[in-house]
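K.L.:
can't give you the sequence, but here's the structure:
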């Protein structure tokens, strides 16, 4: 059993991810002792891991992991984008407990598929498991989670978006930005958004949604002036390369269904639960 001081964010996520499977199989009323036993942990240690990761007890956290939690968020924490705080749209400001500033690639640069661009990359631990992180000299441009796919899948997914770029492994180049992105340090996190103009409009809209809240694909379509383009909005949400920081996980179907998530629905459920619990606990 790992020493608590040595446990990583990814370790905490793996414990939670396994607990999600148990809750789905046995129901949200499964006891703390039963959850801990399923993961070969003492109840006390299991409770410490969860409380350290999300800021609330496992018993309270179970309500956020249920399949019906998305509908609760939609009814109680739905964000109308027209009235939401425009955090991030002016290039800076408070966003889900992080400071972000962003710059978008020009349409001409995007059309060149990364030609002439150097993209640095590295593997890092994150609150949601191992993460492949990519960035340019201007900021982070890609984050992919691998708890539901292989490392090769994540690499191919991100790298094929900019096939003409030069890729250089350099964790040191990205380290400070990754630390701020995942909350280890309180400092600006620069983003370099590489996408088509329509995609970038959708990603801008996502950055209006506060942590612990959600919106819908149709609300985003309405906000960006394309009310009939719900399907295209859904595609653009799914193609967001900067997971978590551009919060595509906060977009739901009008029915309260989770919709899709590029890195796996268990990851989407986990991030939504993590954010909602932390907001409620005021972590």
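P.N.:
Arrived safely. Nothing here was measured: the structure is a model prediction, and the numbers come from that model. Numbers count the residues shown, from 1 in each chain.

K.L.:
State the distance from residue 119 to residue 194.
P.N.:
Using C-beta to C-beta, to the nearest Å, residue 119 is found at 9 Å from residue 194. In short, each C-beta sits where N, CA and C put it, glycine included.

K.L.:
cool, residue 39 as well?
P.N.:
For residue 39, the distance to residue 194 (C-beta to C-beta) stands at 39 Å.

K.L.:
Compare the two and say which is more crowded by neighbours.
P.N.:
Applying other C-beta atoms under 10 Å to residue 39 and residue 194 shows that residue 194 carries more neighbours, namely 25 against 15.

K.L.:
need the contact list for that one.
P.N.:
Neighbour list for residue 194: 105, 110, 114, 141, 161-162, 241 [criterion: C-beta atoms under 8 Å, 6 or more residues apart in numbering].

K.L.:
Return the member of those residues nearest to residue 77.
P.N.:
residue 241 (25.8 Å; C-beta to C-beta).

K.L.:
Now do the contacts for the nearest residue to that closest one once chain neighbours are set aside.
P.N.:
Nearest-residue entry for residue 241: residue 142, 4.5 Å, with adjacent residues in sequence omitted and distances by C-beta to C-beta, 6 or more residues apart in numbering. By C-beta under 8 Å, 6+ apart, the contact list for residue 142 reads 119, 121, 132-135, 158, 161, 241-242.

K.L.:
same deal with residue 133?
P.N.:
Here residue 133 is in contact with 121-124, 140, 142-143, 174, 177-178, 181 (criterion: C-beta under 8 Å, 6+ apart).

K.L.:
ChimeraX command to pick out the buried ones of these?
P.N.:
Selection of buried members from those for ChimeraX, criterion 16 or more other C-beta atoms under 10 Å:
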select :121,122,124,140,142,143,174,177,178,181
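
K.L.:
Among the contacts of residue 133, which ones are in strands?
P.N.:
121-124, 140, 142-143 (DSSP state E).

K.L.:
Take those residues and write them to TSV, including distance to residue 212.
P.N.:
Below are the ones in strands among the contacts of residue 133 laid out as TSV (distance: C-beta to C-beta, whole Å):
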residue	distance to residue 212
121	30
122	29
123	28
124	24
140	22
142	25
143	20
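
K.L.:
closest to residue 52 among those residues?
P.N.:
Each of those was scored against residue 52 by C-beta to C-beta, and residue 124 proved nearest at 18.9 Å.

K.L.:
so the closest one makes contact with residue 131?
P.N.:
Yes. Contact criterion C-beta atoms under 8 Å: residue 124 and residue 131 qualify, at 5.3 Å.

K.L.:
Spell out, range by range, the helices that occur in the stretch 151-283 of the chain.
P.N.:
Ranges of helices in the stretch 151-283 of the chain, per DSSP state H, counting those that start in this stretch, are 151-159, 171-181, 197-206, 217-223, 230-238, 265-281.

K.L.:
I meant to write the stretch 1-150 of the chain there.
P.N.:
Secondary structure of the stretch 1-150 of the chain (DSSP H, counting those that start in this stretch): helices at 9-26, 32-38, 43-54, 58-65, 69-76, 107-111.

K.L.:
Pull the residues that contact the second one.
P.N.:
Translated: helix 32-38. 18-19, 22-23, 26, 42-43, 45-47, 58-59.

K.L.:
pLDDT wise, what is the residue most central in space within the chain at?
P.N.:
In the chain, the residue lying closest to the centroid (C-alpha atoms, centre = their mean) is residue 244, at 2.3 Å. What the model reports for residue 244 is a pLDDT of 91.

K.L.:
measure it to residue 112 for me?
P.N.:
From residue 244 to residue 112 the distance is 27 Å (C-beta to C-beta).

K.L.:
Likewise for residue 128?
P.N.:
Separation of residue 128 from residue 112 (C-beta to C-beta): 32 Å.

K.L.:
what's the answer for residue 167, then?
P.N.:
Counting by C-beta to C-beta, the separation of residue 167 from residue 112 is 16 Å.

K.L.:
Now do the contacts for the nearest residue to residue 102 once chain neighbours are set aside.
P.N.:
In this structure, residue 102 finds its nearest non-sequential neighbour in residue 191, 4.0 Å apart by C-beta to C-beta, 6+ apart. Residue 191 makes contact with 100-103, 139-141, 242, 245-246, according to C-beta under 8 Å, 6+ apart.
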